[in-house]
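Colleague: below is the sequence, then the predicted model.
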Amino acid sequence: MRAGAAVGGAPFVQVAGRGPYAIGADGAEYVDYVMAYGPLLFGHAHPALAGGFDALARRGTVFGSTHPEEERLAERLCAAVPSVERVRFTSTGTEAVMSAVRVARAFTARPLLLRFGGNYHGHFDAALHGAGASASAGGAAHVGIPASAVSDVAVARYNSVADMDRVLAGRSASLAAILLEPIVGNMGLVLPVPGFLDGVFERARTSGALVIFDEVITWLRLGLGGAQAAVAQAPDLTTFGKVMGGGLPLAAFGGRADVMSVLAPEGAVFTGGTFSGNPLSVALGHRVLDFIESDRDLYRRLDGAGRRLAGGLRAAFADLGFDFAVTQLGSMVDFKFRRGPAVRNYDEAREADGQAFAAYYHAMRERGILLAPSANELMFLSTEHADADIDRTVAAAHDSLRALRREGIV
């Protein structure tokens with residue numbers, strides 16, 4: 001991803017960040033929509049998060065022991081997300097999802113994990129086959145993933161109850177968990193169609209399996225309640241990450257108390273990490289929640305910025321005669337170089353024109369707009385993106401697309 005292999009050319013090298021801007025190695029300032037792939041809800045180096053590190057460090061940056069602020073952050077997370085009764089911290093989203101899957105398998109004493117194509121859950125072996133985001137790996141030895149690592153993983157088409165039934169046919173008795181992004185941010189922004197999530201829960205309950213929501217991207221991007229509040233569903237386990245660390249490595253997984261009780265020391269399941277829940281990252285976690293809770297208008301403004309950007313892109317497409325669907329939810333915006341309605345699954349996402357996106361990426365970068373160098377990634381807004389930044393982005397998009405049309409690329 002950082003090499004920009006999907007778009008070619010020289011990778012972007014960043015030397016600093018200020019608010020909504022990435023500063024390149026050339027010294028130029030770019031309006032940044034990567035936002036570290038989601039964590040920077042308040043932009044780069046926000047004053048509410050970036051000060052006082054010396055004082056924090058003097059208290060110690062890692063203990064190897066539980067500390068009161070870790071317990072307090074766990075209590076705040078559980079209060080914000082009612083489905084979570086117990087929580088354990090990790091350093092990354094990959095660790096959080098990997099641990100949640102282990103817990104689900106131990107609780108059910110079953111091996112099978114059902115995932116969905118285009119949902120990215122980290123870079124551990126069981127998660128990469130058919131994944132979205134920057135991942136491109138199958139269950140083959142040449143990518144370091146042996147067949148044995150994915151023999152108990154089934155991959156179905158997102159937003160299709162029928163395909164879920166096809167994949168699970170004859171295997172429901174061995175199903176430990178259904179793992180999914182309730183709102184997908186890793187094959188572009190894909191929303192669940194009516195009835196799909198109900199179908200997921202119905203099949204999990206019928207077979208005695210658990211439901212795991214991957215909210216590494218969506219929690220705090222969509223509010224304190226996360227995506228599960230937006231879709232009115234209560235999973236058995238949830239994974240968290242990205243925004244919660246305020247730019248430092250901090251993630252977590254949690255859920256029902258009876259399910260989480262399989263973890264050591266109460267149970268036999270081990271998860272660990274020397275830096276998990278370290279006091280420096282936890283301190284930033286508290287600052288993130290403090291900032292969110294102090295500003296009741298924050299999410300309304302973020303949604304307004306998202307709507308402004310999405311509306312501007314739609315207007316540009318209409319003016320140029322492009323039938324590209326724009327999807328927006330809160331501070332997340334996405335479109336594909338694919339004509340017709342919004343993408344519903346990974347098969348449709350892969351219909352998008354990758355060469356057109358690569359040309360668009362470079363055209364936007366030449367105009368001072370930094371996008372993620374992959375068509376699977378979103379445009380992430382922050383509290384620091386002003387109307388002028390968004391309007392500049394829309395103008396650059398219109399100009400870039402007009403140039404690409406002249407060249408016969410789109």
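Modeller: Here it is on my side, so go on. As the structure is a computational prediction, the values presented were derived from the model and not from experiment.
Colleague: when you work out contacts or count neighbours from here on, use the C-alpha atoms and nothing else.
Modeller: OK.
Colleague: ok now the strand or helix carrying R402, how far from the chain's centre?
Modeller: Here R402, judged by DSSP states H and E, is contained in helix 387-406. Centroid displacement of helix 387-406 relative to its chain, using C-alpha atoms, centre = their mean, to the nearest Å, is 26 Å.
Colleague: likewise stretch 248-255?
Modeller: 13 Å.
Colleague: equivalent analysis for stretch 192-206, please.
Modeller: Centroid separation for stretch 192-206 versus its chain: 21 Å, with C-alpha atoms, centre = their mean.
Colleague: now it: buried residues?
Modeller: Of the residues in stretch 192-206, P192, F196, L197, G199, V200, F201, R203, A204 count as buried by neighbour count, 16 or more other C-alpha atoms under 10 Å.
Colleague: likewise stretch 279-291?
Modeller: Buried, per 16+ other C-alpha under 10 Å, within stretch 279-291: P279, L280, S281, V282, A283, L284, G285, H286, R287, V288, L289.
Colleague: so the nearest residue to G117 once chain neighbours are set aside versus H123, what's the distance?
Modeller: Nearest in space to G117, with sequence neighbours left out and distances taken as C-alpha to C-alpha, 6 or more residues apart in numbering, is G130 at 5.0 Å. Distance, G130 to H123, by C-alpha to C-alpha, to the nearest Å: 12 Å.
Colleague: quick one, which of these two is more surrounded?
Modeller: G130 (21 against 18; other C-alpha atoms under 10 Å).
Colleague: hang on, isn't that one packed against A154?
Modeller: No. In this structure G130 lies outside contact range of A154 using C-alpha atoms under 8 Å: 9.9 Å.
Colleague: hang on, A397 packs against L313?
Modeller: Yes. Shown here, A397 and L313 form a contact pair, counting by C-alpha under 8 Å, at 7.4 Å.
Colleague: which residue ranges make up each domain of the protein?
Modeller: 14-32+297-406, 50-294 (automatic domain parsing).
Colleague: can you redo those as CSV with distance to A3?
Modeller: Below are those laid out as CSV (distance: least, C-alpha to C-alpha, whole Å):
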stretch, distance to A3
domain 14-32+297-406, 9
domain 50-294, 11
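Colleague: mind listing the strands the longest strand seen in the chain pairs with, and their directions?
Modeller: Using DSSP state E to define each element, the chain has its longest strand at strand 332-339. Partners of strand 332-339 in the sheet, by DSSP bridges, are strand 324-329 (antiparallel), strand 379-380 (antiparallel).
Colleague: so which of those strands is the most surrounded?
Modeller: Highest mean neighbour count of those: strand 379-380, a mean of 25 (counted as mean count of other C-alpha atoms under 10 Å).
Colleague: what sits up against it?
Modeller: Residues outside strand 379-380 that contact it (C-alpha atoms under 8 Å, 6 or more residues apart in numbering): Y33, V34, M35, Y37, G38, S331, M332, V333, D334, L371, A372.
Colleague: how far away is H129 from H123?
Modeller: In terms of C-alpha to C-alpha, H129 sits 10 Å off from H123.
Colleague: can you check A252 too?
Modeller: Taking C-alpha to C-alpha, one finds A252 at 16 Å from H123.
Colleague: what strand or helix carries the spatially closest residue to T271 that is not a sequence neighbour?
Modeller: Leaving out its chain neighbours, the residue that sits closest to T271 by C-alpha to C-alpha, 6+ apart is S99, at 6.4 Å. According to DSSP H and E, S99 maps onto helix 93-108.
Colleague: contacts for that helix?
Modeller: 89-90, 111-113, 121-124, 176-177, 208-210, 212, 214, 216, 237-242, 251-254, 259-260, 262-263, 269, 271.
Colleague: need the three-state assignment for L113.
Modeller: strand (DSSP: H, G, I helix; E, B strand; the rest coil).
Colleague: residues near the nearest residue to it once chain neighbours are set aside, how many?
Modeller: Distances taken as C-alpha to C-alpha, 6+ apart place V153 nearest to L113, at 4.8 Å, with adjacent residues excluded. When neighbours are defined as other C-alpha under 10 Å, V153 has 16 of them.
Colleague: so what pLDDT did Y361 get?
Modeller: Per-residue confidence at Y361 stands at 98 (pLDDT).
Colleague: just want the most central residue of this protein.
Modeller: Geometric centre of the chain, nearest residue: I217, 2.8 Å, by C-alpha atoms, centre = their mean.
Colleague: just to check, it is in contact with G185?
Modeller: Yes. Under the criterion of C-alpha under 8 Å, I217 makes contact with G185 at 6.9 Å.
Colleague: got the angle for the helix or strand containing A363 vs strand 332-339?
Modeller: Assigned by DSSP H and E, A363 belongs to helix 354-366. For helix 354-366 against strand 332-339, the angle by axes from the mean of the first three to the mean of the last three C-alpha atoms, to 10 degrees is 130 degrees.
Colleague: roughly how far out does helix 354-366 sit from the chain middle?
Modeller: Relative to its chain's centre, helix 354-366 lies at 23 Å (C-alpha atoms, centre = their mean).
Colleague: and that helix, what does it pack onto?
Modeller: strand 332-339, helix 387-406 (3 or more C-alpha pairs under 8 Å, 6 or more residues apart in numbering; DSSP states H and E).
Colleague: just say which of those is most tucked in.
Modeller: The most buried one of these (mean count of other C-alpha under 10 Å) is strand 332-339, showing a mean of 22.
Colleague: quick one: contacts of that one?
Modeller: 188-189, 306, 309-310, 322-328, 342, 349, 351-354, 356-357, 375, 377-381.
Colleague: please repeat the previous calculation with a cut-off of 6 Å.
Modeller: If you take C-alpha atoms under 6 Å, 6 or more residues apart in numbering as the criterion, strand 332-339 is touched by G188, L189, D323, F324, A325, V326, T327, A352, D353, L378, M379, F380.
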